[in-house]
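Novice: curious how this folds, go ahead:
(one chain, ligands or ions: 1)
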Amino acid sequence: MKYRVGICQFKPELLDVRANLDKMEQLLYNKKADLIVLPELANSGYLFNSSDEVYSIAENAFRGITSQLFLNMAKQNNTSYVVGLAEKDEDKIFNSAILVNPDQSIFVYRKTHLFLEEKLWFTPGNTGFNIFPAKKDVKLGIMICFDWIFPESARTLSLKGAQIIAHPANLVLPWCQQAMITRSLENRVFTLTCNRTGKDINVDKQMSFTGMSQILDPEGKIMARLDQEEEKVIIAEIETDNALDKNITPANDLFKDRRSEFYQK
Ligand code: ACM
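Specialist: Residues are numbered from 1 along each chain as shown. The predicted model follows:
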């Protein structure tokens, strides 16, 4: 199936949810696609200094102002969106991403592998890696940022049938964008890594993010890539069926040729 996929790279304002929702709405205005991915913690920024700060911007995944905006846009633009947010669930806060569909369904993934100080603010995700139906029932897997360095994340999603992996990110280390070429190739899956740009400054701390959001095909080909600073939506047309064929040569099926009896658990 022909399918239009996009990434929306931008610089969130730290702790200013209203400004970030307005910016995403502006950037996404009139962008016609089947699926668009936004960054990790897109509504809040990243570099927190206290649990109170994280608590102040966290929201319910289904009934918060971020899901409300995306439900409206999903209906209006007939687009599925994946967007990262701090999710409040009773007394726990997760670093989550929601899939919001034009039919008004919402699905949640909670980040499995927390990075650096995230371990101070967030509870490790308890959802595991699941496949969700995006628009037109395309099989979508979600992982968040640092999940990339554990090949099991993309592998599990692919073994479960993902045609596309949505990968909201706030990347600071230099390796992910190139490494994702291998993740796409070794699983023969489309990957949409949507990173943020700019810098967060919070009292005496600062952190810079690497941009270079990208759309990769199942051979690891870069179909689209933004630069380090651009705040922009970029869209590519893919053929989702390409991710169903796991043959890397006529004699080698990436999944059927696995020898899991020799792999370490
Ligand atoms: C990261 O997981 N945000 C690096």
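Novice: in the host helix or strand of Arg183, what's buried?
Specialist: Take DSSP states H and E as the rule and Arg183 turns out to sit in helix 176-187. Residues of helix 176-187 classed as buried by neighbour count (16 or more other C-beta atoms under 10 Å): Cys176, Gln177, Met180, Ile181, Arg183, Ser184, Leu185, Asn187. Where C-beta positions appear, they are placed from N, C-alpha and C, glycine not excepted.
Novice: and what of stretch 244-259?
Specialist: The neighbour-count check on stretch 244-259 (16+ other C-beta under 10 Å) flags Lys246, Leu254 as buried.
Novice: what residues does that stretch touch?
Specialist: Contact partners of stretch 244-259, identified using C-beta atoms under 8 Å, 6 or more residues apart in numbering, comprise Ser158, Leu159, Gln163, Glu186, Asn187, Arg188, Pro218.
Novice: who's in contact with the nearest residue to the first one once chain neighbours are set aside?
Specialist: Setting aside the residues directly before and after it, Ser158 is nearest to Asn187 in space (C-beta to C-beta, 6 or more residues apart in numbering), at 3.6 Å. Going by C-beta under 8 Å, 6+ apart, Asn187 touches Ala154, Arg155, Leu157, Ser158, Ala162, Pro218, Leu254.
Novice: how about Ala61?
Specialist: Applying C-beta under 8 Å, 6+ apart, one finds that Ala61 lies in contact with Ser67, Leu85, Glu87, Asp89, Ser96, Ile98, Ile106, Val108.
Novice: with Ala19 instead?
Specialist: Counted by C-beta under 8 Å, 6+ apart, Ala19 has contacts Glu13.
Novice: 10 Å instead, please
Specialist: Applying C-beta atoms under 10 Å, 6 or more residues apart in numbering, we find Ala19 in contact with Pro12, Glu13, Asn43, Gly45.
Novice: want to throw these into JSON lines with pLDDT?
Specialist: Output for these, formatted as JSON lines (pLDDT from 0 to 100):
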{"residue": "Pro12", "pLDDT": "98"}
{"residue": "Glu13", "pLDDT": "98"}
{"residue": "Asn43", "pLDDT": "97"}
{"residue": "Gly45", "pLDDT": "98"}
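Novice: max pairwise distance over those: which two?
Specialist: For the contacts of Ala19, the farthest-apart pair by C-beta to C-beta is Glu13 and Asn43; their separation is 9.9 Å.
Novice: compare these two (neighbour count), which wins?
Specialist: Remark: of Glu13 and Asn43, Asn43 carries more neighbours, 28 against 17, as counted by other C-beta atoms under 10 Å.
Novice: does the closest residue to Ile57 other than its chain neighbours sit in a helix, a strand or a coil?
Specialist: Leaving aside its sequence neighbours, Ile57 sits nearest to Ser44 (C-beta to C-beta, 6+ apart; 4.1 Å). Following DSSP: H, G, I helix; E, B strand; the rest coil, we place Ser44 in the coil state.
Novice: do you know the pLDDT at Ser44?
Specialist: Listed pLDDT for Ser44 reads 98.
Novice: low-confidence regions, the stretch 1-150 of the chain specifically.
Specialist: Scanning the stretch 1-150 of the chain for pLDDT under 70 picks out nothing.
Novice: helices along that one, start to end?
Specialist: Using DSSP state H, counting those that start in this stretch, the helices of the stretch 1-150 of the chain run over residues 17-28, 51-57, 65-77, 118-121.
Novice: next SSE downstream of the helix holding Arg183?
Specialist: Toward the C-terminus, helix 176-187 is succeeded by strand 190-194 as the next helix or strand (DSSP H and E).
Novice: ok, that next one: who's next to it in the sheet?
Specialist: Sheet pairing of strand 190-194 (DSSP bridges) gives strand 164-168 (parallel), strand 214-216 (antiparallel).
Novice: pull the residues that contact the last one.
Specialist: Counting contacts by C-beta under 10 Å, 6+ apart, the residues outside strand 214-216 that touch it are 5-7, 9, 37, 164-165, 167, 176-178, 180-185, 189-195, 221-226, 234-236, 238.
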